[in-house]
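Enquirer: Need a 3D model of the following:
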Amino acid sequence: MNTIYLKFFLVCSAWICLDGSGIINFNNSSDTRDKAEDSDELSKAVSLIDGSILRTHAEYLSSDELGGRFTGQKGEEMAVKYISGIMKNLKLEPAGDLDRDGERMYTQQFKMTYRTISGRETITGQNCIGVYRGSDPVLKDEYIVIGAHHDHIGNEKEIPFFYGRLDSPTAEDDIYNGADDNASGVSTLLVIAEALSKSGIKLKRSVVFITFSGEEIGLFGSKYYVSKPVDTLQRHILMINLDMVGGNKGKLINVYELGSDKGDYLETIVQESSKLSGLKVRINQYGITDGDSDHTSFKRRGVPVMFFFSEDHDKYHKIDDHAEFLDYERMEKTAKCIVYSVQKLANAQIKPVFDTKYDLFTGLSGGGKTLGISSKYTSDDFLNKSGLHETEGALFVNEVKDGSVAYKCGILSDDIIVKFNGERFPRKATMTRLRDLIQKTGYDQKIPIEIIRNGKRIVVEAVWEKESK
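Expert: So this is what the prediction gives:
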């Protein structure tokens with residue numbers, strides 16, 4: 001062998017073959033092998049995602065047996081047992097609380113206080129957390145979170161009244177099963193976890209699978225997790241939220257909040273992964289204008305997020321949100337899209353970077369003035385029992401942003417906004433309507449906002465200073 005070629009061989013760690021023409025070929029065998037193995041593992045992971053498994057999970061989680069999975073009730077405990085059992089069977093690393101022997105569990109327990117029609121109540125919720133550990137000695141300590149809330153809005157026997165119910169129970173059925181909201185998201189999360197675990201796919205970064213409690217009554221589970229995360233929150237590079245991914249059969253799915261990433265890295269990955277999976281998506285740089293979900297807790301702590309959501313529908317928070325109406329074909333494609341995305345994100349040298357100019361509180365674009373609140377969905381029953389006339393609408397304040405105009409004028413969580421600058425809200429009031437009214441006001445003026453607090457109507461005055469946002 002020519003010594004020049006031999007030295008080149010040793011330096012490059014390449015293999016040499018002499019073909020029939022006497023031409024010497026060089027190739028990096030380990031690189032080629034790694035890429036081939038990665039491709040095989042990815043193909044195997046995607047092939048393990050099966051719509052029939054999605055259906056099995058969704059039918060159980062939304063069955064009458066679980067009673068609507070209200071936080072702290074027996075049905076939620078059954079859901080937690082089911083989810084943590086699957087995490088254990090898949091050999092995910094438990095990442096919850098320590099048991100009495102100092103061993104990690106899959107559950108993370110916490111207390112929360114929420115508002116009821118008669119006052120406030122303290123209950124206990126449980127998140128389920130399992131980790132698919134990365135293989136890189138350094139990058140394994142960086143995390144991609146895949147999350148979905150497992151709680152829903154219960155049933156009339158256990159919880160006689162809940163503000164989020166949008167129809168009334170009947171003599172035949174009083175269980176709000178919550179198939180789309182959010183058995184669909186949890187089922188999708190579980191099949192993704194199964195695909196990674198059973199394929200043995202090598203990912204450099206780690207993946208945290210977490211199902212949250214207490215979402216419906218104020219994002220309590222995700223708020224608790226970001227205060228007590230796996231490792232440090234600074235090492236969480238992305239949170240992918242699955243909330244209501246099975247409704248509106250036959251339509252595309254929306255992917256929100258991609259603007260939380262500085263640049264277009266996340267958008268590019270979703271576009272590529274959706275094509276590979278056959279999933280039809282609508283890309284949105286910002287968030288939904290009404291309601292909220294668990295990704296918000298991460299976004300407000302500077303973690304880039306993406307939110308998969310199939311939009312509201314006529315069964316949302318109603319008695320007939322049943323598993324038979326879910327789009328399992330689209331859920332399967334959603335799971336495949338996320339597997340493709342996670343494989344790319346977990347193994348890339350670069351990672352998403354949170355855009356510090358992004359609106360941390362609302363995730364809305366367009367600039368202009370904002371009040372600084374998020375709102376909860378409200379039912380007609382709740383509005384009526386809060387003392388509103390049947391023609392009056394309102395915004396039920398979920399949270400108030402520190403330092404915002406709402407904060408400065410004294411608006412509190414659980415206040416009910418019924419008038420803004422003399423304008424009433426329609427029965428189905430929206431945050432978009434509020435934003436429109438705000439933009440009509442001037443700067444440095446006192447704007448009256450009428451609210452109901454503890455059953456009494458009071459007026460506070462909001463002022464947007466010239467530099468306020």
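
Enquirer: pLDDT below threshold where in the protein?
Expert: For the chain, the stretches flagged by pLDDT under 70 are 1-37, 117, 289-291, 359-368, 377-379, 428-432, 467-469.

Enquirer: Okay, domains of it per the record?
Expert: With domains defined by automatic domain parsing, the chain comprises 3-34, 48-347, 373-463.

Enquirer: Touching, Ser260 and Lys299? I think so.
Expert: Yes. Counting by Cβ atoms under 8 Å, Ser260 does reach Lys299; the two are 5.7 Å apart. (C-beta placed from N, C-alpha, C; glycine too.)

Enquirer: Among the two, which residue is more densely surrounded?
Expert: A count of neighbours by other Cβ atoms under 10 Å puts Ser260 above the other of Ser260 and Lys299, at 29 against 25.

Enquirer: Report the secondary structure state of the closest residue to Asn347 other than its chain neighbours.
Expert: Take Asn347 and drop its neighbours on the chain: the residue closest to it by Cβ to Cβ, 6 or more residues apart in numbering is Lys204, 5.0 Å away. On the three-state scheme (DSSP: H, G, I helix; E, B strand; the rest coil), Lys204 is labelled coil.

Enquirer: Next, count neighbours for Lys204.
Expert: Neighbours of Lys204 (other Cβ under 10 Å): 17.

Enquirer: cool, and Phe425?
Expert: 19.

Enquirer: The closest residue to it other than its chain neighbours: which element?
Expert: Counting by Cβ to Cβ, 6+ apart, the nearest residue to Phe425 once its immediate chain neighbours are dropped is Gly393, at 3.9 Å. Under the criterion of DSSP states H and E, Gly393 resides outside all helices and strands.

Enquirer: So Gly393 versus Ala406, what's the distance?
Expert: Remark: distance between Gly393 and Ala406 (Cβ to Cβ, to the nearest Å) = 18 Å.

Enquirer: For the stretch 351-469 of the chain, which segments count as strands?
Expert: 373-376, 395-400, 416-420, 423-424, 446-453, 456-463 (DSSP state E, counting those that start in this stretch).

Enquirer: Partner strands of the fourth one and their direction?
Expert: Applying DSSP bridges, strand 423-424 is found paired with strand 416-420 (antiparallel).

Enquirer: How far away from the center of its chain is the strand it pairs with?
Expert: Taking Cα atoms, centre = their mean, to the nearest Å, the mean C-alpha location of strand 416-420 is offset from the chain mean by 29 Å.

Enquirer: ok, Asn241 touching Val303?
Expert: No. Using Cβ under 8 Å, Asn241 is not in contact with Val303, being 11.0 Å away.

Enquirer: so what's Leu383 up against?
Expert: Listed by Cβ atoms under 8 Å, 6 or more residues apart in numbering, the contact set of Leu383 reads 392-394, 427.

Enquirer: Between Asn241 and Val303, which is the more surrounded one?
Expert: Legend: neighbour count by other Cβ under 10 Å for Asn241 and Val303, higher for Asn241 (30 against 23).

Enquirer: The more buried one pairs with what?
Expert: Gly147, Phe307.

Enquirer: Pick out the residue closest to the middle of the chain.
Expert: Asn241 (2.4 Å; Cα atoms, centre = their mean).

Enquirer: Kindly export the longest strand belonging to the chain (C-alpha atoms) in CSV.
Expert: Scanning the chain for the strand with the most residues, using DSSP state E, yields strand 119-132. Provided in CSV are the C-alpha atoms of strand 119-132 (Å, rounded to 0.1, in the frame of the first residue of the first chain):
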residue,chain,number,x,y,z
GLY,A,119,-66.0,30.0,48.2
ARG,A,120,-62.5,28.5,47.9
GLU,A,121,-61.4,24.9,48.3
THR,A,122,-58.0,23.3,48.8
ILE,A,123,-57.4,19.9,47.1
THR,A,124,-54.5,17.7,46.2
GLY,A,125,-53.4,16.9,42.6
GLN,A,126,-50.8,14.6,41.1
ASN,A,127,-48.6,15.1,38.0
CYS,A,128,-47.1,12.0,36.3
ILE,A,129,-43.5,12.3,35.2
GLY,A,130,-41.2,9.9,33.4
VAL,A,131,-37.9,10.5,31.5
TYR,A,132,-36.6,8.9,28.4
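
Enquirer: which helices and strands does that strand pack with?
Expert: In this structure, strand 119-132 packs against helix 74-89, strand 93-94, strand 107-116, helix 184-199, strand 206-212, helix 220-227, with contacts taken as 3 or more Cβ pairs under 8 Å, 6 or more residues apart in numbering; DSSP states H and E.

Enquirer: want to throw these into JSON lines with mean neighbour count and distance to Gly387?
Expert: Conversion of the helices and strands packed on strand 119-132 to JSON lines gives the following (neighbours: other Cβ atoms under 10 Å; distance: least, Cβ to Cβ, whole Å):
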{"stretch": "helix 74-89", "mean neighbour count": "19", "distance to Gly387": "31"}
{"stretch": "strand 93-94", "mean neighbour count": "18", "distance to Gly387": "47"}
{"stretch": "strand 107-116", "mean neighbour count": "17", "distance to Gly387": "15"}
{"stretch": "helix 184-199", "mean neighbour count": "25", "distance to Gly387": "35"}
{"stretch": "strand 206-212", "mean neighbour count": "27", "distance to Gly387": "32"}
{"stretch": "helix 220-227", "mean neighbour count": "22", "distance to Gly387": "27"}
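
Enquirer: Quick one: those as JSON lines, columns for distance to Gly68 too.
Expert: Listed next are the helices and strands packed on strand 119-132 as JSON lines, based on distance: least, Cβ to Cβ, whole Å:
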{"stretch": "helix 74-89", "distance to Gly68": "6"}
{"stretch": "strand 93-94", "distance to Gly68": "27"}
{"stretch": "strand 107-116", "distance to Gly68": "16"}
{"stretch": "helix 184-199", "distance to Gly68": "14"}
{"stretch": "strand 206-212", "distance to Gly68": "16"}
{"stretch": "helix 220-227", "distance to Gly68": "17"}
